[in-house]
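Visitor: starting from these lines, generate the structure:
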Amino acid sequence: MRRHRNVKIVATLGPASDDYETIRGLFEAGADVFRLNMSHGGHEEIRARHNIIRDIERDTGRPICILADLQGPKLRCGVFADDAVEIEAGQPFRFDLDDAPGDATRVQLPHREIFEALRPGATLLVNDGKLSLKVDACDAESADCTVVTGGTISNRKGVNVPDVVLPLAALSAKDRDDLEFVCGLGVDWLALSFVQRASDVEEARKLARGRASVLSKIEKPAGVDCFEEILEASDGIMVARGDLGVELPVQNVPPIQKRLIRKCRAAAKPVIVATQMLESMIDSPMPTRAEVSDVAQAIYEGADAIMLSAESAAGSYPLEAVRTMNDVALSVESDPTYREIIEASRQAERTSTADGIVAAAREIAETTDVVAICVFSHSGATAFKVSRERPRVPIIALTPFLEAARRMGLAWGTHCVTTQPVERFKYAVVSAVRAAKANDFATLKDHVVVTAGVPFNVSGSTNILRVAPCDERLIFGAETDDDE
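Guide: Model prediction:
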C-alpha cells in the first residue's frame with residue numbers, strides 16, 4: 001500500500017461511505033486519513049465507522065489515522081410562524097431572546113452571550129453569509145438591525161458574527177460529551193471548531209489527557225488574529241475555508257491560507273486545507289477546472305493534507321473524488337516547479353540537536369543516491385521535524401507504538417511502520433532497512449539515511465544519523481557491537 005505521493009488525503013465518512021467495502025475502496029483509492037464528523041450522526045454510527053476503519057487497518061497491515069471533528073458552538077436563529085420569510089434591503093429587523101415564532105420583523109436568537117458582546121455597527125450574517133444585517137442598537141436581550149443584503153431567512157439558519165470576539169467556549173456540552181466518547185474509541189486527532197484563542201485549545205488538551213492530538217480549525221477572524229498563540233498551543237491546524245470565507249471578504253482567504261501554511265511548516269506542525277475543494281463532485285463524476293487548480297495550489301503551497309467533506313461523506317461519487325485528488329497530487333508532485341516552490345519556501349527555525357540531525361538527513365538525501373529517510377520516533381515529534389524539511393525522498397517513520405504510527409500518518413511524506421523495540425542503534429538500522437525493502441522503497445543495492453536517539457526509549461533524544469546499506473550482511477560485517 002505504498003503511496004507514490006507526499007501530500008495526504010483526508011476523506012470524511014458519512015451516509016455515502018458507511019460500509020466496509022466503500023471505506024476500504026476509499027483507502028485503496030488514496031485516502032490516508034478518515035474524518036468522523038461529529039456534527040452528523042449519533043455515537044453508535046460513529047462507533048460503527050471507527051470499527052470498520054480499524055478492521056481495514058488490521059486487514060491491510062497499515063496504520064490508519066482517524067480524525068474526529070467536533071461540532072463547536074453553532075449559532076442559529078429560532079423558528080418562524082410560516083417556516084420562512086423574505087426580508088428586503090433597507091428594512092428594520094430585530095433579533096431577540098423571545099422564543100415566540102418569528103415573522104418578517106423579528107426572530108429569536110437564543111444566545112444571550114451574542115447580545116452581551118454586540119456593539120452598534122457590528123455585522124450579522126445569516127445562512128452562510130447570503131443575508132447580512134448591520135446592528136443599529138443593542139442591549140443584553142436584543143439587537144435592532146438594518147438589512148443590508150436581503151433574501152429568504154428560514155428556521156434555524158446559522159448566524160455568524162465576523163467582527164466580534166464572542167465570549168463562547170470552543171467546547172459546548174455536546175462537544176465535551178463527544179470528546180470523551182471518541183477518545184474512548186481511540187481516535188488519533190481531535191479537530192476543535194471555531195477556535196478564537198489559545199485557551200480554547202488548552203481546555204481541549206486537558207480533557208483529552210494525551211489520548212489524542214489536538215488540531216485547531218481556523219475559521220474565524222479572531223483565530224487568524226491570534227494565530228501564533230493558537231499554533232503554539234496546538235498539535236496541528238486546519239484551514240477551514242468555509243466559515244472563514246463567510247466571516248471575511250472572500251478575496252482575503254487565499255493569502256491567509258498561504259500565510260498559515262507557511263507558519264505551520266516552519267513550526268513542524270501538520271496543516272490541512274479543507275472545504276469546497278471538489279464540491280461539484282458531490283453531484284458530478286468530474287470536477288471543475290477551478291476546483292482542480294484549487295487542490296493543486298494547496299499542494300504547491302506545501303500543505304500536509306487536503307480534505308474532502310461532503311464529496312466523500314454524502315456525495316454520489318466518493319471513490320471518484322478520492323481518485324481525482326490522488327491524480328492531481330501525483331501530477332503536481334511530478335512537476336519540477338513543485339520542488340522549486342517547496343524548497344524556496346522552506347523556512348524552519350532550527351534550535352535543537354534534533355533539528356540539526358533532520359536537516360542533515362535531508363541535505364544528504366539531496367546530494368547522494370539514498371532512497372529514503374528512516375526515522376525512529378516514539379512520540380512522533382522527530383518524524384514531524386523530518387516532514388517539515390520536505391525532503392525529495394520518502395520518509396519511513398518507525399515506532400514501536402501503534403498509536404504514534406497512526407498520528408504520524410497525517411504528516412506530509414510519511415509512511416508509518418510499527419516495529420519491535422530496539423536497544424542498540426545497529427538493530428535500529430537493521431529494522432529500518434528491512435522496512436524500506438518490505439515496503440518497496442529500497443532494494444539490496446540501495447542506501448537509506450537512518451536517524452534515531454541514543455539512548456533509546458527517551459522521547460526527543462534524536463542525536464545520531466547514519467547512511468546505511470540495505471544489505472544486512474554489510475551492516476553486520478562492517479562493525480561489532482562494541483563499535484557503538
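
Visitor: who does R466 form a beta bridge with?
Guide: Beta bridges link R466 to V450, judged by DSSP bridges.

Visitor: ok, it - contacts?
Guide: Counting by CB atoms under 8 Å, 6 or more residues apart in numbering, R466 touches F425, V429, V449, V450. No exception for glycine: its C-beta is placed from N, CA and C like everyone else's.

Visitor: tell me the two of those residues that are most distant?
Guide: Across these, the longest distance by CB to CB is 13.2 Å; it joins F425 and V449.

Visitor: out of the two, which sits in the more crowded spot?
Guide: Shown here are F425 and V449; by other CB atoms under 10 Å, V449 has more neighbours (29 against 19).

Visitor: that one against C374, yeah?
Guide: Yes: the criterion here is CB atoms under 8 Å, and V449 meets it with C374 at 6.7 Å.

Visitor: how about the CA coordinates for the helix of greatest length in the chain, as CSV?
Guide: What stands out as the longest helix in the chain, according to DSSP state H, is helix 43-60. Only the C-alpha atoms of helix 43-60 are listed here, as CSV (Å, rounded to 0.1, in the frame of the first residue of the first chain):
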residue,chain,number,x,y,z
HIS,A,43,-22.4,7.9,18.8
GLU,A,44,-23.4,4.4,17.5
GLU,A,45,-23.0,5.5,13.9
ILE,A,46,-19.6,7.0,14.7
ARG,A,47,-18.6,3.8,16.6
ALA,A,48,-19.5,1.6,13.7
ARG,A,49,-17.4,3.7,11.2
HIS,A,50,-14.5,3.7,13.6
ASN,A,51,-14.7,0.0,14.0
ILE,A,52,-14.7,-0.5,10.2
ILE,A,53,-11.6,1.6,9.8
ARG,A,54,-9.8,-0.4,12.5
ASP,A,55,-10.9,-3.6,10.7
ILE,A,56,-9.4,-2.3,7.5
GLU,A,57,-6.2,-1.4,9.3
ARG,A,58,-6.0,-4.9,10.6
ASP,A,59,-6.7,-6.5,7.2
THR,A,60,-4.2,-4.3,5.3
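
Visitor: helices or strands up against it?
Guide: helix 20-29, strand 33-37, strand 65-69, helix 173-185 (3 or more CB pairs under 8 Å, 6 or more residues apart in numbering; DSSP states H and E).

Visitor: save the ones you listed as a markdown table, and put in mean neighbour count, distance to T288 and mean pLDDT too.
Guide: Output for the helices and strands packed on helix 43-60, formatted as a markdown table (neighbours: other CB atoms under 10 Å; distance: least, CB to CB, whole Å; pLDDT from 0 to 100):
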| stretch | mean neighbour count | distance to T288 | mean pLDDT |
| --- | --- | --- | --- |
| helix 20-29 | 17 | 20 | 98 |
| strand 33-37 | 25 | 23 | 98 |
| strand 65-69 | 26 | 25 | 98 |
| helix 173-185 | 17 | 34 | 97 |
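
Visitor: of all those, which lies closest to T12?
Guide: Here strand 33-37 is closest among the helices and strands packed on helix 43-60 (CB to CB), at 4.3 Å.

Visitor: distance to N252 added to the helices and strands packed on helix 43-60, as a markdown table?
Guide: Output for the helices and strands packed on helix 43-60, formatted as a markdown table (distance: least, CB to CB, whole Å):
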| stretch | distance to N252 |
| --- | --- |
| helix 20-29 | 33 |
| strand 33-37 | 26 |
| strand 65-69 | 24 |
| helix 173-185 | 28 |
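
Visitor: so which of the ones you listed comes closest to V135?
Guide: It is, among these and with distance given as CB to CB, helix 173-185, at 27.8 Å.

Visitor: which residues touch that closest one?
Guide: Residues contacting helix 173-185 (CB under 8 Å, 6+ apart): 36, 38, 43, 46-47, 50, 68, 70-73, 171, 190, 193, 204, 207-209, 211-212.

Visitor: stretch 343-353 now?
Guide: Counting by CB under 8 Å, 6+ apart, residues outside stretch 343-353 touching it are 262, 265-266, 268, 301-302, 355-356, 359, 388-390, 462-463.

Visitor: can we see that at 10 Å?
Guide: Stretch 343-353 is contacted from outside by 258, 261-263, 265-268, 300-302, 355-359, 362, 366, 385, 388-392, 453, 460-464, using CB atoms under 10 Å, 6 or more residues apart in numbering.

Visitor: likewise for stretch 220-227?
Guide: Taking CB under 10 Å, 6+ apart as the rule, stretch 220-227 contacts 72, 160-166, 170, 193-200, 216-218, 230, 233-234, 237, 239-240, 243-244, 246-248, 252-253, 256, 259-260, 263-264.

Visitor: which segments of this structure make up each domain?
Guide: Here the domain parsing of the chain from automatic domain parsing is 8-73+170-337, 84-160, 353-483.

Visitor: dump those domains to TSV, plus distance to Q347.
Guide: Converted to TSV, the domains of the chain look like this (distance: least, CB to CB, whole Å):
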stretch	distance to Q347
domain 8-73+170-337	5
domain 84-160	33
domain 353-483	10
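
Visitor: any idea which of the ones you listed gets closest to R2?
Guide: Closest among the domains of the chain, using CB to CB: domain 353-483, at 5.3 Å.

Visitor: now a PyMOL select for only the buried ones of the contacts of stretch 220-227.
Guide: Command for PyMOL that selects the buried part of the contacts of stretch 220-227, burial taken from 16 or more other CB atoms under 10 Å:
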select buried, resi 72+160+161+162+163+164+166+170+193+194+195+196+197+198+200+216+217+218+230+233+234+237+239+240+243+244+246+247+248+253+256+260+263+264
